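What would the 3D arrangement of this be:
(one chain, ligands or ions: 1)
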Amino acid sequence: MSSALTKIEHFIDGEYTQSVGAATFESINPSTGEPHALVASGDAADIDRAVTAARRAFEKGDWSSLSVAERCQYLKRIGDLIMERRRELAVAESTDNGKPISESFDGDILRSASNFHFFSQFAASHADEAYSGAVDERHVAIREPLGVCGLITPWNLPLYLATWKIAPALAMGNTIVLKPAEWTPYTAYLFADITRAAGLPPGVFNIVNGFGAKSAGEALTLHPDVRSISFTGETSTGKAIMRASADTLKKLSFELGGKGANIIFDDANLDEAIPTAVRAAFRNQGQICLAGSRLFVHQKVYDQVVERLVQRVKAIKVGDPLDASTQMGALVSREHLEKVLSYIEIGKKEGQLLTGGEPIGAQLGEKFKNGYFLSPSVFAGLKSNSRFLQEEIFGPTLPVVAFQDEEEAIALANNSPYGLSASIWSQDIDRLHRLSSRVKAGMIWINTWFLRDLRTPFGGQKSSGIGREGGRYSLEFFSEAKCISYKYR
Ligand code: NAD
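Got it, this is the predicted structure:
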């Protein structure tokens with residue numbers, strides 16, 4: 001059986017390599033429930049090998065002492081090579097994660113290439129700061145690389161979120177050890193080959209596969225030669241990483257969970273708001289931190305919105321992730337499917353299920369009968385304090401709640417431990433201004449969802465994170481400021 005499986009190894013010092021102890025684990029294809037790859041399972045010894053290689057490469061200086069403009073040439077090459085291998089990477093992502101190929105090809109992989117193309121231009125044009133004091137003095141603030149940067153990434157947007165960290169970390173002259181999510185190591189593995197083809201010196205970019213707690217992830221957060229950890233994942237994992245990193249005082253950036261509010265007022269353009277609400281809740285099987293996973297609708301249009309919403313949700317085509325016409329694929333793992341199903345049971349007790357919420361692999365034919373497919377669900381009648389509205393479910397489930405007026409909409413949106421993103425739909429510009437300042441979230445969308453400009457700050461308030469990524473925020477995180485003051489005679 002194992003001989004037919006794709007072999008996914010670590011990438012250390014420019015070479016693919018197995019674990020010190022030769023341990024492996026199987027990676028499961030979520031659409032079939034069958035293993036498709038055998039993955040090297042790293043531990044503290046593998047992390048130490050990778051960090052040592054990254055430190056050596058950093059100290060050697062043939063990466064860190066290049067000019068930013070020179071490093072940006074490599075970034076551009078990497079972006080071009082991702083585009084050349086776009087189809088192969090998209091198939092790998094959908095096989096590993098279960099997401100529809102249309103989303104991998106036009107979303108994840110395209111955005112991975114854009115991350116490199118964007119930072120290759122943005123970092124090259126980023127200026128140092130200079131301050132003139134008295135006539136005989138000048139102060140210049142420059143940015144220096146940190147050294148070895150640890151990156152820990154989740155399974156929902158595997159290559160997209162890894163490259164969102166790798167590109168700025170490289171641009172600033174650091175070397176890297178990446179620990180991809182255990183569920184989805186495939187595209188990072190293929191990406192390592194792209195860094196080699198682009199000519200990155202050995203040791204500049206390294207990958208160690210494995211698990212989180214008491215495994216490769218934790219070992220990375222404990223390693224004394226790692227200067228920083230940039231982490232995207234669950235809020236509870238962020239807390240564990242913060243504790244583990246305390247003794248070695250690492251610089252930390254956290255992109256954590258979300259429970260986005262989507263607020264539709266009675267004067268909204270419903271022809272746009274309703275289809276967007278469906279996309280915001282069910283794209284990537286609802287496994288997006290920025291998902292609009294709590295829908296609040298003004299009571300005057302509530303019945304109409306719910307009716308049209310349910311009709312659209314019933315029409316979503318769930319099926320083979322590799323079929324170009326599929327709109328929703330499989331959830332990432334059996335464990336995750338079971339977690340989402342347990343919330344569906346909670347939702348049925350706390351409110352009413354209007355549609356969906358059934359495991360439907362068996363309806364999709366023999367090949368997919370053991371796949372982790374779930375029909376998209378809509379709930380009504382849930383209270384704002386219910387577990388269903390308070391906790392991050394991270395699956396294809398959408399609760400809809402009616403509100404009476406603006407004050408109630410704001411209170412509902414803010415009644416959450418999270419504060420990552422929110423959408424507001426209305427035609428009243430004054431109301432939009434009022435809400436966008438009073439809703440507690442790091443990103444507010446007005447009459448849209450998921451609109452991004454890579455220069456803008458990306459990140460959350462409250463339990464959704466610490467720090468920001470994007471544009472200069474990423475460059476600042478992945479570097480150290482140094483001030484040089486001049487006195488002239
Ligand atoms: P997770 O926290 O379970 O795992 C993320 C990564 O952390 C994995 O690589 C895992 O192996 C590693 N890890 C787990 N425990 C660790 C530990 N103790 N020490 C070091 N590493 C450890 O998250 P997930 O289930 O992979 O991803 C889903 C979560 O990610 C959701 O909460 C989602 O909202 C969040 N997310 C946030 C953003 C954002 O930008 N804010 C983006 C995507 C996903």
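
Who are the contact partners of Gly173?
Taking C-beta atoms under 8 Å, 6 or more residues apart in numbering, we find Gly173 in contact with 63-66, 68, 71, 144-145, 479. Backbone N, C-alpha and C define where each C-beta goes, glycine included.

Can you select the buried ones among those residues for me in PyMOL?
In PyMOL, a selection of the buried entries from the contacts of Gly173 looks like this (16 or more other C-beta atoms under 10 Å):
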select buried, resi 63+64+68+71+145+479
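
pLDDT weak spots in this protein?
1-3 (pLDDT under 70).

90 instead, please
1-4, 126-127, 133-135, 489 (pLDDT under 90).

Quick one: name the residues of it near the ligand.
152-156, 161, 179, 181-182, 211-213, 217-218, 221, 232-234, 237, 240-241, 255-258, 289, 392, 394, 420, 460, 464-465 (C-beta under 6 Å from any ligand atom).

run the last query once more with 5 Å
152, 154-155, 181, 212-213, 217-218, 232-234, 237, 240, 255, 257, 289 (C-beta under 5 Å from any ligand atom).

Now, those that are in strands?
If you go by DSSP state E, these have 152, 232, 255 in strands.

Name the helix or strand for Ala22, please.
Per DSSP states H and E, Ala22 falls between elements, in no helix or strand.

Tell me where the stretch 301-450 of the chain has strands.
Listed in chain order, the strands of the stretch 301-450 of the chain (DSSP state E, counting those that start in this stretch) span 352-355, 377-380, 397-403, 418-419, 421-425, 443-446.

Need the contact partners of the second one.
Contacts made with strand 377-380 from outside it, assessed by C-beta under 8 Å, 6+ apart, are listed as 306, 309-310, 313, 344, 347, 351-357, 388, 396-401.

got the buried residues for that strand?
377-380.

can you check stretch 249-260 too?
250-260.

Start and end of it, how far apart?
Stretch 249-260 has an end-to-end distance of 32 Å (C-alpha to C-alpha, to the nearest Å).

Then stretch 367-379?
So stretch 367-379: terminal residues 30 Å apart, C-alpha to C-alpha.

Give the buried residues for it.
Quick answer for stretch 367-379 (16+ other C-beta under 10 Å): 368, 370-379.

The ligand: which of those residues is nearest?
Tyr372 (14.2 Å; C-beta to the nearest ligand atom).

what's the distance between that closest one and Val91?
Tyr372 is 19 Å from Val91, where distance means C-beta to C-beta, to the nearest Å.

Could you say which helix or strand holds the most centrally placed residue in the chain?
Most central in the chain under C-alpha atoms, centre = their mean is Leu161, positioned 4.5 Å from the mean C-alpha point. Here Leu161 sits within helix 158-171, counting by DSSP H and E.

After that helix, heading C-terminal, what element do we hit next?
strand 175-179.

what's that next one packed up against?
helix 44-60, strand 148-152, helix 158-171, strand 205-207, helix 216-222 (3 or more C-beta pairs under 8 Å, 6 or more residues apart in numbering; DSSP states H and E).

what does the shortest one rub up against?
The contact list for strand 205-207 (C-beta under 8 Å, 6+ apart) reads 10-13, 50, 53-54, 166, 170, 175-180, 188-189, 192, 195.

In contact with Lys317, which residues?
325-328.

now Lys60
201, 203.

and if you look at Glu350?
Counting by C-beta under 8 Å, 6+ apart, Glu350 has contacts 381-383, 386-388.

just the helices in the stretch 251-400 of the chain please.
270-282, 299-314, 334-350, 387-390 (DSSP state H, counting those that start in this stretch).

Serialize those to a markdown table and add fields for distance to Arg77.
As requested, the helices of the stretch 251-400 of the chain are arranged in a markdown table below (distance: least, C-beta to C-beta, whole Å):
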| stretch | distance to Arg77 |
| --- | --- |
| helix 270-282 | 33 |
| helix 299-314 | 42 |
| helix 334-350 | 36 |
| helix 387-390 | 46 |
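
highest average neighbour count across those helices?
Of all those, helix 270-282 has the most neighbours on average by mean count of other C-beta atoms under 10 Å, namely a mean of 20.

What is that helix packed up against?
strand 261-264, helix 299-314, strand 397-403, strand 421-425.

that older thread, would you check which pair of the residues of the chain next to the ligand lies furthest apart?
The most widely separated members of these, counting by C-beta to C-beta, are Glu218 and Cys289 (22.0 Å).

neighbour count winner among these two?
Cys289 (26 against 22; other C-beta atoms under 10 Å).

And for the more buried one, nearest residue in space, chain neighbours not counted?
Nearest non-adjacent residue to Cys289, counting by C-beta to C-beta, 6 or more residues apart in numbering: Gly258, 4.3 Å away.

Just want the phi and psi numbers for that neighbour.
phi -150, psi 160 (degrees, to the nearest 10).

hang on, the earlier thing: select, out of the helices of the stretch 251-400 of the chain, the one closest to Arg489.
Among the helices of the stretch 251-400 of the chain, helix 270-282 sits nearest to Arg489 (C-beta to C-beta), with 62.4 Å.

got the angle for that closest one vs strand 397-403?
Relative orientation of helix 270-282 versus strand 397-403 (axes from the mean of the first three to the mean of the last three C-alpha atoms, to 10 degrees): 140 degrees.

can you tell me the helix or strand for Thr95?
Per DSSP H and E: helix 86-97 holds Thr95.

tell me what the helix or strand following that helix is packed against?
Next along the chain after helix 86-97, taking DSSP H and E as the criterion, comes helix 101-103. For helix 101-103, the packing partners by 3+ C-beta pairs under 8 Å, 6+ apart come out as helix 86-97.

quick one: the helix it packs on to helix 158-171, angle?
120 degrees.

what sits up against helix 86-97?
Under C-beta under 8 Å, 6+ apart, the answer for helix 86-97 is 27, 29-31, 36-37, 82, 99-101, 104-105, 108-110, 112-113, 155-156, 158-159, 183-187, 190-191, 321-322, 329, 332.

ChimeraX command to pick out the buried ones of those?
Those of these that count as buried under 16+ other C-beta under 10 Å are selected in ChimeraX with:
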select :27,29,30,31,36,37,82,99,100,101,104,105,108,109,110,112,113,155,156,158,159,183,184,185,186,187,190,191,321,329,332
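
name the element Arg143 belongs to?
Following DSSP H and E, one finds Arg143 within strand 137-145.

in its sheet, what does that strand sit against?
If you go by DSSP bridges, strand 137-145 pairs up with strand 129-132 (antiparallel), strand 479-487 (antiparallel).

Of those strands, which stretch is the most buried?
Comparing the strands paired with strand 137-145 by mean count of other C-beta under 10 Å gives strand 479-487 as most buried, with a mean of 12.

how distant is that one from the center of its chain?
33 Å (C-alpha atoms, centre = their mean, to the nearest Å).

go on, stretch 48-68?
26 Å.

what comes up buried for that stretch?
For stretch 48-68, by 16+ other C-beta under 10 Å, it's 48-55, 57-58, 63-64, 68.

how about a markdown table for the residues you listed, with distance to Lys487 added?
Output for these, formatted as a markdown table (distance: C-beta to C-beta, whole Å):
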| residue | distance to Lys487 |
| --- | --- |
| Asp48 | 45 |
| Arg49 | 47 |
| Ala50 | 44 |
| Val51 | 40 |
| Thr52 | 41 |
| Ala53 | 42 |
| Ala54 | 38 |
| Arg55 | 36 |
| Ala57 | 37 |
| Phe58 | 32 |
| Trp63 | 33 |
| Ser64 | 29 |
| Val68 | 27 |
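
Lovely, talk soon.
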